[in-house]
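Chemist: the sequence and its predicted three-dimensional model are supplied below.
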Amino acid sequence: IFALDDFREGQLEAISEVVAGRDCVVLLPTGAGKSLVYQMAGLILPGRTIVIDPLVALMEDQERSLRAQSIDRIVALSSFTSQSGDSEAALQQVESGDALFVFLAPERLQIPQFRQALRVLAASSPINLAVIDEAHCVSEWGHDFRTAYLNVGKTLRTFGADSLGQAP
């Protein structure tokens with residue numbers, strides 16, 4: 001799928017941990033292939049992958065990268081989605097489970113309509129991964145700058161829980 005001959009150092013181990021259901025922190029240098037870890041694991045595991053990105057440019061980069069590999073069941077929800085009037089269609093992609101990968105800013109988790117879409121998704125499809133992309137930005141920028149990061153775990157556990165109340 002990704003047209004690679006081999007894994008870079010640390011990738012296979014990280015993918016194995018994630019696929020085995022264990023939490024994983026991947027610390028690799030820029031350009032070392034951290035995104036491949038969640039992308040491949042997200043395709044291997046049943047369900048949908050939620051990726052929290054701090055910048056719209058990162059969402060767009062990830063979306064371009066996946067589309068270049070012919071993976072087009074992706075939705076990126078950003079302020080541009082709202083401005084362009086595409087919010088309703090994007091939320092429908094989330095609710096229906098059509099999007100394998102959902103990219104969003106942490107603030108999106110605070111929006112009631114997105115929370116409802118997440119509830120609907122979780123009732124019909126597991127949320128296989130919750131990814132904090134570029135997590136180092138949280139500590140570099142400080143929690144006061146992007147307070148929504150403080151609620152990511154709680155929100156995903158609450159609004160991403162399936163109909164039996166089990167968290168992703």
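Modeler: Arrived safely.

Chemist: can you give me the helices for the chain?
Modeler: 11-19, 34-44, 56-68, 79-83, 87-96, 112-124, 136-141, 152-159 (DSSP state H).

Chemist: what mean pLDDT does the third one get?
Modeler: This means helix 56-68. For helix 56-68, mean pLDDT is 91.

Chemist: return the set of buried residues in stretch 40-56.
Modeler: 40-43, 45, 47-54, 56 (16 or more other Cβ atoms under 10 Å). Quick note: C-beta positions are derived from backbone N, CA and C, even for glycine.

Chemist: end-to-end on that stretch?
Modeler: End-to-end distance of stretch 40-56: 22 Å, with Cα to Cα, to the nearest Å as the criterion.

Chemist: and it, how far out from the chain's middle?
Modeler: 4 Å (Cα atoms, centre = their mean, to the nearest Å).

Chemist: and the spatially most central residue of the chain, what does it touch?
Modeler: The residue lying closest to the centre of the chain (Cα atoms, centre = their mean) is Val51, at 1.5 Å. Residues counted as contacts of Val51 (Cβ atoms under 8 Å, 6 or more residues apart in numbering) are 38, 59, 62, 101-104, 131, 133.

Chemist: again with Val75
Modeler: Contact analysis of Val75 by Cβ under 8 Å, 6+ apart lists 90, 93-94, 98-99, 101-103.

Chemist: buried subset of the residues you listed as a PyMOL selection?
Modeler: Remark: buried members of the contacts of Val75, expressed as a PyMOL selection using 16+ other Cβ under 10 Å:
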select buried, resi 90+93+94+99+101+102+103
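
Chemist: can I get the contacts of Val75 in JSON lines including distance to Ala32 and pLDDT?
Modeler: Formatted as JSON lines, those follow (distance: Cβ to Cβ, whole Å; pLDDT from 0 to 100):
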{"residue": "Ala90", "distance to Ala32": "30", "pLDDT": "90"}
{"residue": "Gln93", "distance to Ala32": "30", "pLDDT": "94"}
{"residue": "Val94", "distance to Ala32": "30", "pLDDT": "94"}
{"residue": "Asp98", "distance to Ala32": "31", "pLDDT": "94"}
{"residue": "Ala99", "distance to Ala32": "26", "pLDDT": "95"}
{"residue": "Phe101", "distance to Ala32": "20", "pLDDT": "96"}
{"residue": "Val102", "distance to Ala32": "24", "pLDDT": "96"}
{"residue": "Phe103", "distance to Ala32": "20", "pLDDT": "95"}
